[in-house]
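Visitor: sequence plus predicted model, see below.
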Amino acid sequence: MSDEKDEGLVVFQDSKIRRIPHNGEWFYSVIDIIAVLSESDNPAIYWRVLKHREPQLVTICNGLKMVAEDGKMRLTDCVNTKNAFRLIQSIPSKKAEPFKQWLAQLAKERIDEIKDPELAQKRMKEIYKARGYSDEWTEKRVRGIAIRDELTDEWGKRGVKTDKEYAMLTAEISKATFDMTPSEYKEFKGLKRENLRDHMDDMELVLAMLGEATTTRFTRDRDSQGFPPLKNDAKDGGDVAGATRKDIEQRLGKRVVSDENFLDKPEGQKRLEQKKDKRQIKG
């Protein structure tokens, strides 16, 4: 259960489809699939009519929270790969066959990644590179995802069950580390549906990693069980990262937390421009 899961997007022929990991597999937004296949101006109405015509389709869906158009997390009808194939059968479309092939490839990649986690990291690095991120930043980002997954797995083993509980623990670490919850941090950076950590600079990523890695260490060493003790671990782990941030800021004489994002310029381009500016100053 990651704080980043609501940002899962895949692209089929220039159309974005939301997806979310659940019970070890990908689940895809039904509305987004319908939008691609039907090319309807209102896929929500199309889905409503389709459910009325074939009520059995409702039984293959799971209600999972995804980021809606308004930027808020809302329950969304979703299907796994198997049930997506069933859904496709009910939507006449010339895109049906290429969509099935694309979906099958995504499912294969997911299985391969579960067998060999290094494949997932390699694909992730390729994706970030294609989006304009530097190798230096990408290494930290991918490492941060692994640390985050390790922490959330630990929480799951120790009694955390609901999305709300995961979010509350995450907010506890963030508040102690950055003096902001993730939602406050996103607003500070001018983000809406975007992934917060995809818009952190190197130092912000390192501090986020420190807070979560320390929380994992506290949880294991204390053998914490249940939400209240885990919340205490999260606060303590965030406090360690927060104290480090404050020490750095005192020594630098400026804030580490930045309101900058990579919406207008890719991270890699900004990094090159900063290096160029430093060379000019030294020259």
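Guide: Cool, the structure landed. Owing to the predicted nature of the structure, the values given are computational and were not obtained by experimental measurement.
Visitor: and the biggest helix by length in the chain, what other elements does it pack with?
Guide: In the chain, with assignment by DSSP state H, the single longest helix is helix 227-252. Under the contact definition 3 or more Cβ pairs under 8 Å, 6 or more residues apart in numbering; DSSP states H and E, helix 227-252 sits against helix 163-178, helix 202-222. Just so you know, the C-beta spots here come from the backbone N, C-alpha and C atoms, and that holds for glycine as well.
Visitor: got the angle between that helix and helix 163-178?
Guide: 30 degrees (axes from the mean of the first three to the mean of the last three Cα atoms, to 10 degrees).
Visitor: buried ones in the next helix or strand after helix 227-252?
Guide: Once the chain leaves helix 227-252, the next helix or strand it forms, by DSSP states H and E, is helix 267-282. For helix 267-282, the neighbour count (16 or more other Cβ atoms under 10 Å) marks 267-268, 270-271 as buried.
Visitor: repeat for stretch 147-159
Guide: 147-149, 151-152, 154-155, 158.
Visitor: quick check, nearest of those to residue 109?
Guide: Nearest to residue 109 out of those is residue 149 (Cβ to Cβ; 17.1 Å).
Visitor: what does the average pLDDT come to for the helix or strand harbouring the closest one?
Guide: Assigned by DSSP H and E, residue 149 falls within helix 135-157. In this model, helix 135-157 has a mean pLDDT of 93.
Visitor: how about stretch 30-41?
Guide: Mean predicted confidence for stretch 30-41 is 92.
Visitor: quick check, residue 74 in contact with residue 68.
Guide: Yes. Using Cβ atoms under 8 Å, residue 74 is in contact with residue 68, at 4.3 Å.
Visitor: which one of the two has more residues nearby?
Guide: Neighbours per residue (other Cβ atoms under 10 Å) separate residue 74 from residue 68, with residue 68 holding more: 16 against 13.
Visitor: so what does the more buried one look like in phi/psi?
Guide: Here is the backbone geometry of residue 68 (degrees, to the nearest 10): phi -90, psi -180.
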